[in-house]
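>>> turn this into a structure:
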Amino acid sequence: MSKPGYKQVRRMTPAMRIIHWVNVVSMVVAIATGLYIAAPYYQTFIAEPAVDKYVMAWNRWGHFIVAIIFDVTSILVAYLYFFSRFEKSYKKVLPTGKNIKEFGAVFMNLITLNRTKNFDSTHSDSFNTVYFTIFHLLLAWMLFTGLQMYVHGLESGQSSIGTWWPSMLHLVTDWTIPVSGMLVGGGPTATIMDVRISHHITMWLIITWVVFHIYYQVWRTIFWKEGDIAIVVGGSKFVKEDKEA
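Residues are numbered from 1 along each chain as shown. This is a model prediction of the structure:
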């Protein structure tokens with residue numbers, strides 16, 4: 001029910017909200033299991049050693065499952081990014097004069113603590129759209145580097161579903177080795193270790209992104225007083241009726 005003087009504005013469809021919360025849960029699992037795979041930080045609460053309870057195996061299995069979920073949601077997000085009938089995000093990323101002006105206005109609104117607000121916050125703005133685009137690019141890099149590390153373990157070129165699977169993964173992900181070398185300093189002698197380091201560093205960049213994302217949504221809710229933080233739950237926010245008009 002809308003407050004007097006405010007109008008409810010639909011911002012996220014049920015599908016978008018489901019994808020959001022699936023990604024939240026998957027990210028928590030991916031970070032927890034990924035940190036364990038990199039450096040085991042717990043054993044087992046049962047008397048037997050961790051190796052006897054397949055703790056590493058279970059962590060790797062969980063990490064792989066949520067990676068598959070991320071693959072699926074990434075494909076859905078990429079499709080909706082360009083072809084959604086509700087909101088085509090790519091239009092807000094294009095470097096048009098209007099988008100650049102809006103991006104600057106939102107950024108100034110943030111750093112001046114809402115002392116100036118020269119833009120319409122009814123719908124998704126350029127700043128938030130660019131920010132989410134960066135997140136999905138980081139996530140895509142995580143997926144490609146993760147698959148490269150996975151296929152590196154299939155050195156025989158065989159898998160339970162045939163040789164086509166490792167061959168396809170090599171074709172799609174081998175480029176991450178030289179790129180990782182350029183990013184972390186491996187240069188022309190880049191190895192799979194450069195991919196591991198790049199994968200790990202990107203995880204911390206994503207964690208930093210998440211921290212700012214949560215902070216910014218709470219910030220918007222407090223300063224704009226439009227219920228932005230409720231968008232991912234109910235799909236809507238509230239704006240003054242004169243602004244919507």
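
>>> how much space separates Thr176 from Tyr150?
From Thr176 across to Tyr150, the span is 12 Å (CB to CB, to the nearest Å). Quick note: C-beta positions are derived from backbone N, CA and C, even for glycine.

>>> now do the lengthiest helix in the chain: which elements does it pack against?
The single longest helix within the chain, with elements called by DSSP state H, is helix 192-224. Counting contacts by 3 or more CB pairs under 8 Å, 6 or more residues apart in numbering; DSSP states H and E, helix 192-224 is packed against helix 14-38, helix 126-152, helix 176-184.

>>> can you pull the buried residues of it?
By 16 or more other CB atoms under 10 Å, the buried positions in helix 192-224 come out as 192, 194-199, 202-203, 206, 209, 217, 219-221, 224.

>>> helix or strand right after it?
helix 231-234 (DSSP states H and E).

>>> packing partners for that following helix?
In terms of contacts (3+ CB pairs under 8 Å, 6+ apart), helix 231-234 is packed against helix 14-38.

>>> so what does the helix it packs on touch, helix or strand wise?
Under the contact criterion of 3+ CB pairs under 8 Å, 6+ apart, helix 14-38 touches helix 55-83, helix 192-224, helix 231-234.

>>> which among these is found nearest to Met12?
Comparison of those against Met12 by CB to CB identifies helix 231-234 as nearest, at 5.4 Å.

>>> which other residues reach the closest one?
Contacts to helix 231-234, defined as CB atoms under 8 Å, 6 or more residues apart in numbering, come from residues Arg11, Met12, Arg17, His20, Trp21, Lys237.

>>> how about low-confidence regions in the protein?
Within the chain, the set of residues satisfying pLDDT under 70 comprises 1-3, 44-52, 242-245.

>>> about what we covered before: would you reformat the helices and strands packed on helix 192-224 as a markdown table and include distance to Asn114 and mean neighbour count?
Below are these laid out as a markdown table (distance: least, CB to CB, whole Å; neighbours: other CB atoms under 10 Å):
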| stretch | distance to Asn114 | mean neighbour count |
| --- | --- | --- |
| helix 14-38 | 25 | 16 |
| helix 126-152 | 14 | 18 |
| helix 176-184 | 37 | 19 |
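
>>> ok so, going back, so the longest helix of the chain versus helix 176-184, what angle?
60 degrees (axes from the mean of the first three to the mean of the last three CA atoms, to 10 degrees).

>>> for Asn118, find the nearest of the helices and strands packed on helix 14-38.
Per CB to CB, nearest to Asn118 of the helices and strands packed on helix 14-38: helix 192-224, 13.3 Å.

>>> from the buried residues of helix 192-224, pick the one nearest Pro95.
Minimum distance to Pro95 across the buried residues of helix 192-224 is 21.5 Å, recorded for Trp209 (CB to CB).

>>> is it true that that closest one touches Phe135?
Yes. Using CB atoms under 8 Å, Trp209 is in contact with Phe135, at 5.3 Å.

>>> include distance to Gly104 when you put the helices and strands packed on helix 192-224 into TSV, please.
Formatted as TSV, those follow (distance: least, CB to CB, whole Å):
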stretch	distance to Gly104
helix 14-38	27
helix 126-152	9
helix 176-184	29
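
>>> Met108: which of these is closest?
Nearest of those to Met108, taken as CB to CB: helix 126-152 at 10.0 Å.

>>> other SSEs contacting that closest one?
By 3+ CB pairs under 8 Å, 6+ apart, helix 126-152 packs against helix 55-83, helix 90-93, helix 97-111, helix 164-173, helix 176-184, helix 192-224.

>>> how about Ile231, nearest residue that isn't a chain neighbour?
Nearest residue to Ile231, sequence neighbours excluded (CB to CB, 6 or more residues apart in numbering): Arg11, at 4.7 Å.

>>> same deal with Ile177?
Closest residue to Ile177 apart from its sequence neighbours, by CB to CB, 6+ apart: Ala190 at 5.2 Å.
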